[in-house]
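In: I would like the atomic coordinates for the input below:
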Amino acid sequence: MGLVDREVFGKDIVCLDSGQSSDFYRDLHDLVDSCPARALHTTHIFYVKEGQRSAVDILDNALNVHNTKPDFCGFLAGLGEGVEIGLHDSWTGHWSTAFSSERKPLEESDAVDHYIIDGVTHALWWADAGCELAFVLPTERSLRVFKQDLASPATSSR
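Out: I've put the predicted structure just below:
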């Protein structure tokens, strides 16, 4: 197995024989080519208005970021570039939407006239040579699309 084999470790580089495995090219693409070259991170950001206690109310704030404080909007603007999930070829914040050329745009039942940066259709993205960050503001829609459950107050640890 090339450099991992104890018999050849420390010796000349050994070429891997692709003829020994009928699945070599599939494995090479599925396992090696799909490994990102940079560290990937997702940051969830929540805007909590004074007095808000309900998780649903807090998640709803992300649907209308333009109705939050200007300082919060400025903070978001400084985090990174706004990207469209269906067109972005790098990290999007969730494995089901990242690095795929086979993505289909989400069919939205409730069209809106502004961006919702919940990771379903848009996200904020920043990268350097070593890492990529996706910033998203979770919504009930993103929880549903990514099949995540909102813990009910009865089962919450707080």
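
In: residue 86 versus the residue lying closest to residue 139 once chain neighbours are set aside, what's the distance?
Out: Leaving aside its chain neighbours, residue 139 sits nearest to residue 118 (4.3 Å; criterion: CB to CB, 6 or more residues apart in numbering). Glycine gets a C-beta too; all of them are placed from N, C-alpha and C. In this view, residue 118 and residue 86 are 14 Å apart by CB to CB, to the nearest Å.

In: of these two, which one has the most company?
Out: Neighbour totals were compared for residue 118 and residue 86, and residue 118 leads with 24 against 15 (other CB atoms under 10 Å).

In: wait, the more buried one touches residue 141, no?
Out: Yes. In this structure, residue 118 is within contact of residue 141 by CB atoms under 8 Å, at 6.2 Å.

In: check which element follows the longest helix seen in the chain along the chain.
Out: Secondary structure of the chain read by DSSP state H shows that its longest helix is helix 70-77. Downstream of helix 70-77, the first helix or strand assigned by DSSP states H and E is strand 81-84.

In: show residues contacting that next one.
Out: 92, 115, 117, 121-126 (CB atoms under 8 Å, 6 or more residues apart in numbering).

In: if you count neighbours, what's buried in stretch 125-144?
Out: 125-126, 132-139, 141-143 (16 or more other CB atoms under 10 Å).

In: apologies, that question was intended for stretch 45-54.
Out: Buried residues in stretch 45-54 (16+ other CB under 10 Å): 45, 47.

In: got the end-to-end distance for it?
Out: One end of stretch 45-54 sits 16 Å from the other (CA to CA, to the nearest Å).

In: out of the contacts of strand 81-84, which is nearest to residue 41?
Out: Closest approach to residue 41 among the contacts of strand 81-84 (CB to CB): residue 126, at 9.6 Å.

In: hang on, isn't that closest one packed against residue 132?
Out: Yes. Using CB under 8 Å, residue 126 is in contact with residue 132, at 7.4 Å.

In: show me the shaky parts of the chain.
Out: 1-17, 20, 22, 29-34, 100-113, 148-158 (pLDDT under 70).

In: which residues in it form helices?
Out: 24-27, 55-60, 70-77, 140-145.

In: and those: which comes nearest residue 42?
Out: By CB to CB (comparing all of the helices of the chain), the closest turns out to be helix 140-145, at 11.3 Å.

In: with adjacent residues omitted, what lies nearest to residue 88?
Out: residue 125 (6.7 Å).
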